[in-house]
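**Student:** Sharing a model prediction with you, sequence too.
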Amino acid sequence: MPKSPNQKQYKVTQGKLPFLISAPHVFAHKRPALENRYKVEEEFTDKLARIIADRIPVYSVVSLQAQKFDPNFYSKNESPYKREISSIISRNKIDLMVDIHGLDPLLHYDFAIYYPLKYYKSMKAAKVLKDHLQSGSLRGSIVHLLNFPNDDGETLSEFAASQKKIPAVQLEVAKYIRQDDELLDLTAEQIITFLKSFS
């Protein structure tokens, strides 16, 4: 259940590089299709975001509590988290956003990268990120590139690409990787290499 509404719902880390890392589903969150129930949290996605932000000066937003309005579905008006994302992008001239999520445990691959359809720069970023996640110490990883489904929701990456006009991707990471410190560290290093190449 959500904590007191007076408590901060997310943590913002200020950066210097024009990249934004997001982890909105660290805790449970609501969507209309769930009949007023909470969708399960995506554990350790915040840890991956923190590792990246600790090693290079990127901006980051990480949820700190369960949310009544899933920022990866509801509009900016209904989601404080999405409003914060919007503000950071506008104030700091962000060039790219990577939104980190947990991969559905029923899927038998390592990473999924979603990008908004019809946004070439987001598609290109997704392909370059895929290359990085399949190289170095992660060579052999199974990575799927996917478009977002055409539904009533608006993901953070779709919002960033369509409303804020920046490349944005949603990276989904398998649970076994998120639970393993060494694999999580290797994943963070490949994402950092990808961000540096994007500069």
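**Tutor:** Yep, it's here.
**Student:** isn't residue 173 right up against residue 45?
**Tutor:** Yes - if you go by CB atoms under 8 Å, residue 173 and residue 45 touch, sitting 7.1 Å apart. Every residue, glycine included, has its C-beta placed from N, CA and C.
**Student:** between the two, what contacts are shared?
**Tutor:** Listed as contacting both residue 173 and residue 45 by CB atoms under 8 Å, 6 or more residues apart in numbering are 100, 101, 102.
**Student:** who does the second one bridge with?
**Tutor:** In this entry, residue 101 is beta-bridged to residue 172, by DSSP bridges.
**Student:** Contacts only, for it.
**Tutor:** By CB under 8 Å, 6+ apart, the residues touching residue 101 are 23, 24, 25, 42, 45, 72, 170, 171, 172, 173.
**Student:** if we go to 7 Å?
**Tutor:** By CB atoms under 7 Å, 6 or more residues apart in numbering, the contact list for residue 101 reads 25, 42, 45, 170, 171, 172.
**Student:** closest to residue 181 among those?
**Tutor:** residue 45 (14.4 Å; CB to CB).
**Student:** My guess is that closest one contacts residue 25. True?
**Tutor:** Yes - if you go by CB atoms under 7 Å, residue 45 and residue 25 touch, sitting 6.3 Å apart.
**Student:** what do these two both touch?
**Tutor:** In contact with both residue 45 and residue 25: 101, 102, using CB under 7 Å, 6+ apart.
**Student:** all helices for the chain, in order.
**Tutor:** When assigned using DSSP state H, the helices of the chain occupy the ranges 45-55, 80-92, 120-133, 156-163, 175-178, 181-198.
**Student:** where does the protein dip in pLDDT?
**Tutor:** For the chain, applying pLDDT under 70 flags the ranges 1-7, 27-40, 65-69, 71-72, 74-75, 77, 199.
**Student:** swap the cut-off to 90 and go again
**Tutor:** For the chain, applying pLDDT under 90 flags the ranges 1-10, 25-43, 63-82, 104-105, 117, 149-154, 198-199.
**Student:** So for it, the centremost residue is which one?
**Tutor:** Centroid-nearest residue in the chain, with CA atoms, centre = their mean: residue 99, separated by 1.5 Å.
**Student:** give me every residue that touches that residue.
**Tutor:** Residue 99 neighbours (CB under 7 Å, 6+ apart): 22, 156, 157, 168, 170, 171.
**Student:** Now tabulate these in CSV and tack on distance to residue 182 and neighbour count.
**Tutor:** Shown next, in CSV, are those (distance: CB to CB, whole Å; neighbours: other CB atoms under 10 Å):
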residue, distance to residue 182, neighbour count
22, 24, 31
156, 28, 26
157, 28, 29
168, 28, 31
170, 24, 25
171, 18, 26
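**Student:** and the two most separated of those?
**Tutor:** 156 and 171 (11.6 Å).
**Student:** give me the number of residues near residue 120?
**Tutor:** When neighbours are defined as other CB atoms under 10 Å, residue 120 has 10 of them.
**Student:** Correction: the previous question concerned residue 133.
**Tutor:** Neighbour tally, residue 133, other CB under 10 Å: 24.
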